[in-house]
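Visitor: What follows is a predicted structure for the sequence shown.
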Amino acid sequence: MLLVAVDPQGCAWQVVEQAAELAQDLNEGVVLFTAVELPEGVGAEVEMHGGRFEGKTARDVLVDDAKNSLLDLADAFRRRDVHVDIQVREGHCVEAVLEAAKEVQPRMLVVGTHGRKG
């Protein structure tokens, strides 16, 4: 199993494409993972209003948007017949990834870096 941790925004598709090729070559399934964190000062249970947000909490909106983004990214794995599970957690990204790695016990951890080097 590979744990592929991404921020679904920006260039996550590049990481996912590389991870999908790697998973196919290794004949491994994948957990496609992201963490969401509420902006400072926004309570998790704050109710949203208007349009698609009506009746949802801030937490619901963040988690739903993250899941939908991961579902789109998961197509890269499905196209290669690689089994993929989606996982979204709340919390700071580093701690959330480390918790997921402890639970999943992946053969390899693939992490996107927003295109940064160093």
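Guide: Great, that's in hand.
Visitor: Give the rounded mean pLDDT of stretch 7-17.
Guide: When pLDDT is averaged along stretch 7-17, the result is 87.
Visitor: typed the wrong thing, it's stretch 28-47
Guide: Throughout stretch 28-47, pLDDT has a mean value of 81.
Visitor: where do the strands sit along this protein?
Guide: With DSSP state E, the ranges of strands along the chain come out as 2-5, 30-36, 84-90, 108-111.
Visitor: Would you quantify the distance from the nearest residue to residue 80 once chain neighbours are set aside to residue 79?
Guide: In this structure, residue 80 finds its nearest non-sequential neighbour in residue 24, 4.4 Å apart by CB to CB, 6 or more residues apart in numbering. Backbone N, C-alpha and C define where each C-beta goes, glycine included. Per CB to CB, to the nearest Å, residue 24 is found 10 Å from residue 79.
Visitor: Pull the contacting residues for the residue nearest to residue 29 when sequence neighbours are not counted.
Guide: Using CB to CB, 6+ apart and skipping residues adjacent in sequence, the residue nearest residue 29 is residue 83, 3.9 Å away. With contacts defined as CB atoms under 8 Å, 6 or more residues apart in numbering, the neighbours of residue 83 are 29-30, 77.
Visitor: where's the residue positioned nearest the centre of the chain relative to residue 93, distance?
Guide: The chain has residue 34 as the residue nearest its centroid, 2.6 Å off, counting by CA atoms, centre = their mean. To residue 93, residue 34 is 8 Å away according to CB to CB.
Visitor: Give me the common contacts of those two.
Guide: Between them, residue 34 and residue 93 share these contacting residues under CB under 8 Å, 6+ apart: 5, 7.
Visitor: related to what we said a few turns ago, what's the per-residue pLDDT of the residue nearest to residue 29 here?
Guide: Reported pLDDT for residue 83: 98.
Visitor: what's the spacing between it and residue 69?
Guide: For residue 83, the distance to residue 69 equals 19 Å [CB to CB].
Visitor: do the same with residue 4
Guide: Per CB to CB, residue 4 is found 13 Å from residue 69.
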